[in-house]
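> heads up, no residue letters with this:
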């Protein structure tokens with residue numbers, strides 16, 4: 001079934017694990033901050049478990065996504081807890097971390113209740 005972010009043709013919690021590789025932060029010059037928030041929110045809608053996003057750097061850069069702290073705060077307001085995790089592989093210089101997102105313990109996929117800030 002074809003789909004395109006930020007709107008996917010899958011039911012809530014269709015998958016246990018969702019992976020996004022070499023897309024979201026790789027093309028920050030084409031995919032803006034709003035797209036990142038909306039795409040991650042949508043990817044979280046279709047998972048009952050975890051979302052993993054790799055890498056956190058743009059193509060041709062070794063610097064992490066510059067709005068990562070703001071993004072994590074905005075996701076938290078959407079009941080999504082994100083954490084940056086070091087990985088033991090590096091496909092490009094500086095690309096040795098991924099973002100792991102889970103639903104906050106107080107919210108299930110598809111809910112809109114506000115989670116407490118940590």
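Structure received. What you see is a predicted model, and the numbers here were worked out from it, not measured in a lab.
> distance of the residue nearest the centre of the chain from residue 104?
Of all residues in the chain, the one closest to the mean position by Cα atoms, centre = their mean is residue 40, 4.1 Å from it. Distance, residue 40 to residue 104, using Cβ to Cβ, to the nearest Å: 14 Å. Heads up, the C-betas are built off the backbone N, CA and C, glycines and all.
> overlap in contacts of the two?
In the contact map built from Cβ atoms under 8 Å, 6 or more residues apart in numbering, the residues linked to both residue 40 and residue 104 are residue 80.
> list the buried ones in the longest helix seen in the chain?
If you go by DSSP state H, the chain has its longest helix at helix 33-45. The neighbour-count check on helix 33-45 (16 or more other Cβ atoms under 10 Å) flags 36, 37, 39, 40, 41, 42, 43, 44, 45 as buried.
> again, but for stretch 11-28
Residues of stretch 11-28 classed as buried: 13, 18, 20, 24, 25, 26, 28 (neighbour count, 16+ other Cβ under 10 Å).
> Which stretches in this protein count as strands?
Assigned by DSSP state E, the strands in the chain fall at 15-21, 47-54, 80-86, 97-103.
> Reformat the ones you listed as CSV; add mean pLDDT.
As requested, the strands of the chain are arranged in CSV below (pLDDT from 0 to 100):
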stretch, mean pLDDT
strand 15-21, 96
strand 47-54, 97
strand 80-86, 96
strand 97-103, 97
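> coming back round to it: can you tell me which of the buried residues of helix 33-45 is nearest residue 62?
residue 36 (19.2 Å; Cβ to Cβ).
> Would you check that residue 13 makes contact with residue 47?
Yes. Residue 13 lies in contact with residue 47 (Cβ atoms under 8 Å); the separation is 6.7 Å.
> can you give me the mean pLDDT across stretch 56-71?
With pLDDT averaged residue by residue, stretch 56-71 scores 92.
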